[in-house]
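K.L.:
okay, here's the prediction I keep looking at, along with the sequence it came from:
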Amino acid sequence: MFTRSSFQTPDMIAQHHLLNDVADLIDKGVLRTTLAETFGTINAANLKRAHALLESGKSRGKIVLEGW
């Protein structure tokens, strides 16, 4: 995603335009997050819960653990 800025390519400004376009689409409700579950702070118990959901084959979307 950030190859242009990482390598300072001549068309680096294109990344700025792409991100602005994506932000506009999010603001308009055209694009939506795939966030499905938030299990709170990352710790052993929540990591086990998240992993169990993944192993069940019933998860849909992103699973988030917070607080790195």
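P.N.:
Good, I have the coordinates.
K.L.:
convert the C-alpha atoms of stretch 10-22 to CSV, please.
P.N.:
What follows is stretch 10-22, C-alpha atoms only, in CSV (Å, rounded to 0.1, in the frame of the first residue of the first chain):
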residue,chain,number,x,y,z
PRO,A,10,8.1,10.0,-8.7
ASP,A,11,4.3,9.4,-8.5
MET,A,12,4.2,9.5,-4.7
ILE,A,13,1.3,12.0,-4.7
ALA,A,14,-0.9,9.4,-6.2
GLN,A,15,-1.0,7.6,-2.8
HIS,A,16,-2.4,10.8,-1.3
HIS,A,17,-5.1,10.9,-4.0
LEU,A,18,-6.0,7.2,-3.5
LEU,A,19,-6.3,7.6,0.3
ASN,A,20,-8.5,10.7,-0.1
ASP,A,21,-10.7,8.8,-2.5
VAL,A,22,-11.1,5.9,-0.1
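K.L.:
what strand or helix carries the closest residue in space to Arg60 that isn't next to it in sequence?
P.N.:
Nearest non-adjacent residue to Arg60, counting by CB to CB, 6 or more residues apart in numbering: Ala36, 5.3 Å away. Where you see a C-beta, it was placed from the backbone N, CA and C, and this is true even at glycine. Taking DSSP states H and E as the criterion, Ala36 maps to strand 35-41.
K.L.:
which residues touch the residue nearest to Arg60?
P.N.:
By CB atoms under 8 Å, 6 or more residues apart in numbering, the contact list for Ala36 reads 59-63.
K.L.:
quick one: buried ones out of these?
P.N.:
Ile63 (16 or more other CB atoms under 10 Å).
K.L.:
that older thread, list the buried residues in the strand holding Ala36.
P.N.:
Going by 16+ other CB under 10 Å, strand 35-41 has these buried residues: Phe39.
K.L.:
residue ranges of the strands in this structure, please?
P.N.:
For the chain, strands defined by DSSP state E occupy the ranges 35-41, 62-66.
K.L.:
output those strands as JSON lines; include the columns mean pLDDT and distance to Leu53.
P.N.:
Converted to JSON lines, the strands of the chain look like this (pLDDT from 0 to 100; distance: least, CB to CB, whole Å):
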{"stretch": "strand 35-41", "mean pLDDT": "95", "distance to Leu53": "7"}
{"stretch": "strand 62-66", "mean pLDDT": "95", "distance to Leu53": "6"}
